[in-house]
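Trainee: Sequence and computational prediction follow.
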Amino acid sequence: AQSVTQLDSHVSVSEGTPVLLRCNYSSSYSPSLFWYVQHPNKGLQLLLKYTSAATLVKGINGFEAEFKKSETSFHLTKPSAHMSDAAEYFCVVSDPTSGTYKYIFGTGTRLKVLA
Amino acid sequence: NAGVTQTPKFQVLKTGQSMTLQCAQDMNHEYMSWYRQDPGMGLRLIHYSVGAGITDQGEVPNGYNVSRSTTEDFPLRLLSAAPSQTSVYFCASSFQGALGSPLHFGNGTRLTVT
């Protein structure tokens, strides 16, 4: 069965410092992994996705994530936080080869950016 | 290109009332799904569909019905609303079968049941 664990429910960083949002996954097959961002009272926007190509994935707004199979992790990073990055972030796993076509969401990490 | 369209944006119901949340997509996606979002619980899957005429239950299906008569539409019905169904509801779609096909989300429906 697939599962996703976001290791921090809240993360606070100062503007201009690096961001690290942690995600571990469990999947019996070859997963696809995604990060989504949700700004307050908004819908969910895709940041980036991993689909068994390059293990380092670059997304929008300067975010990137590295797929580490040995650690079953897909952590999201950004070198320098901006005030506009304050939002909730969701890690998602999917495995269409398993036949279930379900997308499993983590419980989210709320990022706070301090001026 | 409208993407995924959800209506209404806001709704207030009394306990016991029924209603339908509408979802339509214009991307010819085979996969459509409904999630509810509650504080601290992320998004939980209610029902999903992999094509017209095919639906299946997700993690929290009780109290909700769905049908998929066309590729474009995937309405969610609340049969008898309860306060526990107060939540934000998201419809999402994707291209089934493509490895790494991401979900495309609607803007959500905020439902309050009193």
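Mentor: The structure has been received and is ready for your questions.
Trainee: can you give me the strands for chain A?
Mentor: Here chain A has its strands, by DSSP state E, at A:3-6, A:10-14, A:19-21, A:23-26, A:32-38, A:44-50, A:56-58, A:64-68, A:73-78, A:87-94, A:103-105, A:109-114.
Trainee: which one of the ones you listed has the lowest average pLDDT?
Mentor: Ranked by mean pLDDT, the strands of chain A bottom out at strand A:103-105, with a mean of 88.
Trainee: so what does that one touch, helix or strand wise?
Mentor: Here strand A:103-105 touches strand A:3-6, strand A:87-94, strand B:43-51, going by 3 or more C-beta pairs under 8 Å, 6 or more residues apart in numbering or on different chains; DSSP states H and E. Glycine gets a C-beta too; all of them are placed from N, C-alpha and C.
Trainee: Dump the ones you listed to a markdown table, plus mean neighbour count and distance to B:Thr5.
Mentor: Output for the helices and strands packed on strand A:103-105, formatted as a markdown table (neighbours: other C-beta atoms under 10 Å in any protein chain shown; distance: least, C-beta to C-beta, whole Å):
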| stretch | mean neighbour count | distance to B:Thr5 |
| --- | --- | --- |
| strand A:3-6 | 18 | 28 |
| strand A:87-94 | 24 | 22 |
| strand B:43-51 | 21 | 16 |
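Trainee: excluding its backbone neighbours, what's nearest the residue nearest to the spatial centre of chain B?
Mentor: Nearest residue to the geometric centre of chain B (C-alpha atoms, centre = their mean): B:Trp34, 2.7 Å. Sequence neighbours aside, B:Ile46 is the residue nearest to B:Trp34 in space, at 4.4 Å (criterion: C-beta to C-beta, 6 or more residues apart in numbering or on different chains).
Trainee: hang on, the earlier thing: specify the stretch among the helices and strands packed on strand A:103-105 that is closest to B:Pro75.
Mentor: B:Pro75 lies closest, by C-beta to C-beta, to one member of these: strand B:43-51, at 10.4 Å.
Trainee: now do the same end-to-end measure for stretch B:46-66.
Mentor: When the termini of stretch B:46-66 are compared using C-alpha to C-alpha, to the nearest Å, they are 9 Å apart.
Trainee: any idea of the mean pLDDT in that stretch?
Mentor: Rounded mean pLDDT across stretch B:46-66 is 94.
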